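1. quick one: sequence plus predicted model below, questions after.
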Amino acid sequence: MRVSTKGRYALRLMIGLAVHDSGEYIALKDVSARQGVSIKYPEQIAFLLGEAGLLKSIRGPQGGYRLARAPEEYTAGEILRLTEGSLTPVPCLDDRPNQCPRYAGCAVPPLFGRGLRKQCPIMWTA
């Protein structure tokens, strides 16, 4: 999987807010200036993150954004799933329960799950 610019900016925005987290709202222009990026794209991403409940926002001259939870409660996966969609390398792994008629005998899903780790733990010790 390759992370898009949208995903990278979302991670950078969240990290920027986490690093400077004081409980206060931080203007997006300040975060953008620290990151060295134009404010336009982060505005769209901040709106998306806010709609999903990851950020809180206030409008106005003293407004800005802040994390909705403690920084350690976020995961990169949560942020990337929101901006990138599914993180699974093959579409059939998104199904719960799996709908593929070949799933039970297929050799591909275990490559991306815990099945292969149980079969060959030495491969995954790094």
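-> On my side now, so go ahead.

2. which parts of stretch 93-102 are buried?
-> Residues of stretch 93-102 classed as buried by neighbour count (16 or more other CB atoms under 10 Å): residue 93. (Glycine included, C-beta is placed from N, CA and C.)

3. end-to-end on it?
-> 12 Å (CA to CA, to the nearest Å).

4. same thing with stretch 18-32?
-> Distance across stretch 18-32, first residue to last, is 14 Å (CA to CA).

5. contacts for it?
-> The set of residues external to stretch 18-32 that reach it, using CB atoms under 8 Å, 6 or more residues apart in numbering, is 13, 16-17, 34, 38-39, 42-43, 46, 56-58, 62-67, 71, 74.

6. residues touching the residue nearest to residue 50 when sequence neighbours are not counted, list them.
-> Setting aside the residues directly before and after it, residue 50 is nearest to residue 57 in space (CB to CB, 6 or more residues apart in numbering), at 5.1 Å. Contacts for residue 57 were tallied using CB under 8 Å, 6+ apart; they are 25, 46, 50, 63-66.

7. need the worst-confidence member of these.
-> Per-residue confidence across the contacts of residue 57 is lowest for residue 63, with 87 (pLDDT).

8. number of nearby residues for it?
-> Here the count is done by other CB atoms under 10 Å, and residue 63 has 12 residues near it.

9. do residue 73 as well
-> Counted with other CB under 10 Å, the burial measure for residue 73 works out to 10 neighbours.

10. what distance do you get for it to residue 22?
-> Summarising the geometry, the distance separating residue 73 from residue 22, computed by CB to CB, to the nearest Å, is 17 Å.

11. and residue 90, by the same measure?
-> Using CB to CB, we find residue 90 at a distance of 42 Å from residue 22.
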